[in-house]
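[1] Take this sequence and fold it.
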Amino acid sequence: MERMFEPFEQEDSGTTSKYGGTGLGLAIAKNLVDSMGGKITVDSFLDLGSTFTVELALERDALASKEGSKEQKKNSIENEIDLEGYEILMAEDHPLNVMVATKLLKSKGAVVTVAENGQAAVDDFLDSQEGFYDAILMDIRMPVMDGLDAARTIRSLKRTDARTIPIIAMTANALDEDRKMTKEAGMNAHLAKPFEPQQLYKTLYGLIKGE
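    Residues are numbered from 1 along each chain as shown. Next up is the predicted model:
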């Protein structure tokens, strides 16, 4: 990472490297950003991915200013939502999705327990005291037990909170048929991936508060 913006630098420059290239792409990008008086930075996690951030000082036009006002209003509403102390059980098997969702939830004060598949989520729920969890975020496609079966199993348990706890589907499938299936499995809401932070916060807060 210390050398990635230098010309011809690559993580793996061997002849057996999976991805070809010359190692010039990031150097060119940095030169362009520098020439515009900006800066480029990177956050990277091995085997998960990298996030590059470019900061530039640009003049706003009238339309951009209007859109900026809308964004400020949107962020203001988002900042009003507080999940402090709420216990969230998240069933998700993809490490990157876990990392992103956990970071978003913790930024609002929520406490997150991660289950790597549907069966693990059912087990965690069974092992918890009644009323311990405030909501469940349930991925649909998981190994061992998928989200639909996990939701059905939880709803069938003989404890009061099993019938009342909000269960929110998280899936890349957003067709009407998919929404129908999650509803029939006993889920309260459906978040299509990739979801926006505001949508996640608003859905969780509304269901937990019964709004």
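
[2] tally of neighbours for Asn117?
    Neighbours of Asn117 under the rule other CB atoms under 10 Å: 19. Every C-beta, even on glycine, is put in place using the N, C-alpha and C of the backbone.

[3] isn't it right up against His94?
    No - Asn117 is beyond contact range of His94, at 11.1 Å (criterion: CB atoms under 8 Å).

[4] so where's the chain shaky on pLDDT?
    12-22, 62-79, 174, 211 (pLDDT under 70).

[5] Quick check: next helix or strand after the helix or strand that contains Met99?
    Assigning secondary structure by DSSP states H and E places Met99 in helix 95-107. Next helix or strand after helix 95-107 toward the C-terminus (DSSP H and E): strand 111-115.

[6] Partner strands of that following strand, with direction?
    Next to strand 111-115 in the sheet, as set by DSSP bridges, lie strand 87-91 (parallel).

[7] Alpha carbons of the strand it pairs with, as CSV, please.
    The C-alpha coordinates for strand 87-91 follow below in CSV (Å, rounded to 0.1, in the frame of the first residue of the first chain):
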residue,chain,number,x,y,z
GLU,A,87,-29.6,-5.8,20.2
ILE,A,88,-29.6,-6.9,16.6
LEU,A,89,-29.1,-10.5,15.4
MET,A,90,-27.7,-10.6,11.9
ALA,A,91,-27.6,-13.8,9.9
